[in-house]
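Trainee: Give me a model of this one.
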Amino acid sequence: MSVLLSIIYLIATVTFIVGLKKLGHPETAKSGNLIAAIGMGLAIVGTIFINDIEVPTIIYVLIGVAIAVGAVLGWLIAMKVEMTKMPELVSLFNGFGGASAALIGVVEFIGNDNIAGTEATIVSTILSAIAIGAITFSGSLVAWGKLNGSLKSVVKIPQYNIINNLVIIGIVAFSAYFVVTGNDNQILLYGLLASGLLYGVLFVLPIGGADMPVVISLLNSLTGIAAAITGILYDNMVMLVGGILVGSAGIILTVAMCKAMNRTLGSVIFGSFGATAVGEEGVNKTLGTIKKTTSSDTAIMMNYAQNVIIVPGYGLAVAQAQHVIHELEELLTGKGVNVKYAIHPVAGRMPGHMNVLLAESNVEYSLLAEMDDINPQFNNADVVLVVGANDVVNPAAHNDPSSPIYGMPILDVENAKHIVVNKRSMKAGYAGIENELFYNSKTSMLFGDAKDALTDLVAELKGM
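Mentor: Alright, predicted model coming up:
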């Protein structure tokens with residue numbers, strides 16, 4: 001490796017670290033992403049044009065075409081994707097990263113004419129890239145399907161823990177067989193690839209929808225690990241460092257999400273949130289009857305309030321109502337009302353999703369309060385407006401030991417003086433369980449599309 005290429009790789013590595021640091025805050029995230037992208041661009045250019053390998057011209061042409069096609073597709077997707085689809089997009093990108101690692105492993109195995117004479121560590125690395133890449137690819141596609149509604153939130157597979165454990169043991173045993181015997185049979189190799197793809201499906205399919213933020217973080221970590229493995233294969237420090245950064249960040253985020261949901265990683269992988277019967281027509285024999293309200297009544301309540309807390313959820317993102325809710329916030333602030341946003345760590349089905357959504361509508365970052373900071377303030381809130389959130393405000397997490405979400409940290413909305421919940425219907429949230437908050441005597445249900453309901457609410461307030 002030339003000195004110049006080493007310097008380029010060092011610069012790229014530094015940009016990754018700086019970019020990752022800046023991604024930790026909404027105000028610097030955009031510049032952090034740009035810095036890391038520039039570093040990756042430098043690394044790619046350096047790798048292609050500064051090397052000691054004789055490369056046919058046609059290879060450069062193919063690489064250029066691939067980069068151009070990928071850049072155009074990436075740009076089109078990024079420009080057209082709705083904020084509500086961001087979790088699905090992250091899953092899809094994770095999958096593509098895993099697929100790349102798996103394909104690299106397959107190419108390296110097939111292109112090696114002397115597997116039996118190759119060091120066991122190298123063969124193990126190649127097989128790890130194939131297995132982990134395949135698991136990440138298929139698992140990410142299943143997660144993508146669950147998030148966009150193409151697949152059921154929870155798919156029950158009889159004895160799936162036993163089946164999954166047998167499959168993963170088989171993958172490990174299969175890989176060990178290759179390493180020990182030096183077998184270079186390509187049909188068996190494709191069998192290993194297929195086993196990895198199968199495990200990815202079996203791994204994610206039974207996991208409950210409420211656990212998907214954890215799964216996304218875990219798959220993101222696996223993508224990083226797969227990238228680091230390919231970096232080892234090619235002795236490429238940028239791929240190695242980049243993979244390690246993504247892998248470690250994914251693991252840290254996975255642990256943080258588990259903590260936020262009071263779940264262990266084992267309980268996510270080997271268990272899932274179940275579903276319970278949901279009340280019909282707003283009546284639940286155990287919890288009671290709901291109370292409906294109107295935009296006019298809600299506007300009157302907010303107009304005379306001193307402290308209002310807004311709890312945004314996935315329903316807000318689906319309705320693309322982030323700009324309207326910002327208008328509501330500005331209108332209330334202009335009337336002398338103190339307004340804050342309560343953000344649960346997994347609001348919007350992905351870590352940071354709600355922060356980005358609100359930043360898009362120019363909501364001041366100082367108004368966004370994290371769960372631990374805002375929970376003590378609900379006691380002093382005159383009105384709490386819950387827009388499209390469900391499981392993250394469900395008091396069953398505190399009150400019902402039999403509930404699947406019991407023990408999960410939630411926003412303590414139930415402590416407010418008055419609660420208004422905007423939902424399209426009484427349909428259960430992503431965890432598939434009934435929400436006690438809707439039947440609370442302090443709660444009023446404002447039914448309708450979030451954007452329409454908030455628009456009516458803003459119009460009512462403007463007339464006061």
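Trainee: Pull the residues that contact stretch 358-368.
Mentor: Stretch 358-368 has contacts (Cβ atoms under 8 Å, 6 or more residues apart in numbering) with 25-27, 83, 312, 322-323, 325-326, 329, 339-341, 343, 355. Bear in mind the C-beta positions are built from the backbone N, C-alpha and C, glycine included.
Trainee: What's the PyMOL line that selects buried ones from those residues?
Mentor: Restricted to buried positions by 16 or more other Cβ atoms under 10 Å, the PyMOL selection for the contacts of stretch 358-368 reads:
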select buried, resi 26+83+312+322+325+326+329+339+340+341+343+355
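Trainee: Please narrow the contacts of stretch 358-368 to those residing in strands.
Mentor: 312, 339-341, 343 (DSSP state E).
Trainee: what's the farthest-apart pair in the residues you listed?
Mentor: Of all pairs drawn from the ones in strands among the contacts of stretch 358-368, the greatest distance, 13.6 Å, lies between 339 and 343 (Cβ to Cβ).
Trainee: Tell me the first helix or strand C-terminal of the host helix or strand of residue 121.
Mentor: Using DSSP states H and E, residue 121 maps to helix 120-147. Note on helix 120-147: by DSSP H and E, the next helix or strand toward the C-terminus is helix 160-181.
Trainee: list the buried ones in that next one?
Mentor: Neighbour-count burial for helix 160-181 [16+ other Cβ under 10 Å]: 160, 164, 167-168, 171, 174-175, 178-179.
Trainee: One more: stretch 417-424?
Mentor: 418-423.
Trainee: which residues of the stretch 201-350 of the chain fall in strands?
Mentor: 283-284, 288-289, 307-312, 338-343 (DSSP state E, counting those that start in this stretch).
Trainee: will you turn those into a markdown table that also has mean pLDDT and distance to residue 453?
Mentor: Shown next, in a markdown table, are the strands of the stretch 201-350 of the chain (pLDDT from 0 to 100; distance: least, Cβ to Cβ, whole Å):
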| stretch | mean pLDDT | distance to residue 453 |
| --- | --- | --- |
| strand 283-284 | 48 | 22 |
| strand 288-289 | 75 | 21 |
| strand 307-312 | 94 | 13 |
| strand 338-343 | 93 | 17 |
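Trainee: Poorly predicted segments of the stretch 101-250 of the chain, please.
Mentor: The model of the stretch 101-250 of the chain has pLDDT under 70 over residues 152-157, 208-211.
Trainee: hmm, 80 instead?
Mentor: For the stretch 101-250 of the chain, the stretches with pLDDT under 80 are 114, 116-117, 147-161, 206-214.
Trainee: With the stretch 351-464 of the chain instead?
Mentor: In the stretch 351-464 of the chain (pLDDT under 80), the answer is 351-353, 356, 360, 402-407, 425-433, 464.
Trainee: residue ranges of the strands in it, please?
Mentor: With DSSP E, counting those that start in this stretch, the ranges of strands along the stretch 351-464 of the chain come out as 368-370, 383-387, 419-423, 443-447.
Trainee: Tell me how many other residues crowd the residue nearest to residue 249 when sequence neighbours are not counted.
Mentor: Of all residues not flanking residue 249 in the chain, residue 20 sits nearest, at 6.6 Å (Cβ to Cβ, 6 or more residues apart in numbering). A count of neighbours around residue 20, defined by other Cβ atoms under 10 Å, yields 18.
Trainee: is it true that residue 398 touches residue 411?
Mentor: No. Applying Cβ atoms under 8 Å as the test, residue 398 and residue 411 come out as separate, 11.2 Å apart.
Trainee: The two: which has the busier surroundings?
Mentor: A count of neighbours by other Cβ under 10 Å puts residue 411 above the other of residue 398 and residue 411, at 26 against 17.
Trainee: separation between the more buried one and residue 119?
Mentor: In this structure, residue 411 and residue 119 are 54 Å apart, going by Cβ to Cβ, to the nearest Å.
Trainee: Spit out the contact partners of residue 251.
Mentor: residue 221.
Trainee: One more: residue 141?
Mentor: Residues in contact with residue 141 (Cβ under 8 Å, 6+ apart) are 91-92, 95, 200.
Trainee: try 10 Å
Mentor: Residue 141 sits next to 91-92, 94-96, 98-99, 150-151, 197, 200-201, 204 when contact means Cβ atoms under 10 Å, 6 or more residues apart in numbering.
Trainee: can you list the strands of the stretch 351-464 of the chain in a markdown table and add distance to residue 123?
Mentor: Below are those laid out as a markdown table (distance: least, Cβ to Cβ, whole Å):
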| stretch | distance to residue 123 |
| --- | --- |
| strand 368-370 | 47 |
| strand 383-387 | 54 |
| strand 419-423 | 55 |
| strand 443-447 | 60 |
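Trainee: Out of the ones you listed, indicate the one that is most buried.
Mentor: Mean neighbours per residue, mean count of other Cβ atoms under 10 Å, is largest over the strands of the stretch 351-464 of the chain for strand 383-387, with a mean of 28.
Trainee: For it, name the packing helices and strands.
Mentor: Strand 383-387 sits against helix 295-303, strand 307-312, helix 314-318, helix 322-334, strand 338-343, strand 419-423, strand 443-447, helix 450-462, with contacts defined as 3 or more Cβ pairs under 10 Å, 6 or more residues apart in numbering; DSSP states H and E.
Trainee: In its sheet, which strands sit next to that strand, and in what direction?
Mentor: As defined by DSSP bridges, the strand partners of strand 383-387 come to strand 307-312 (parallel), strand 419-423 (parallel).
Trainee: now the longest one against helix 322-334, angle please.
Mentor: Taking axes from the mean of the first three to the mean of the last three Cα atoms, to 10 degrees, one finds strand 307-312 and helix 322-334 inclined to each other by 170 degrees.
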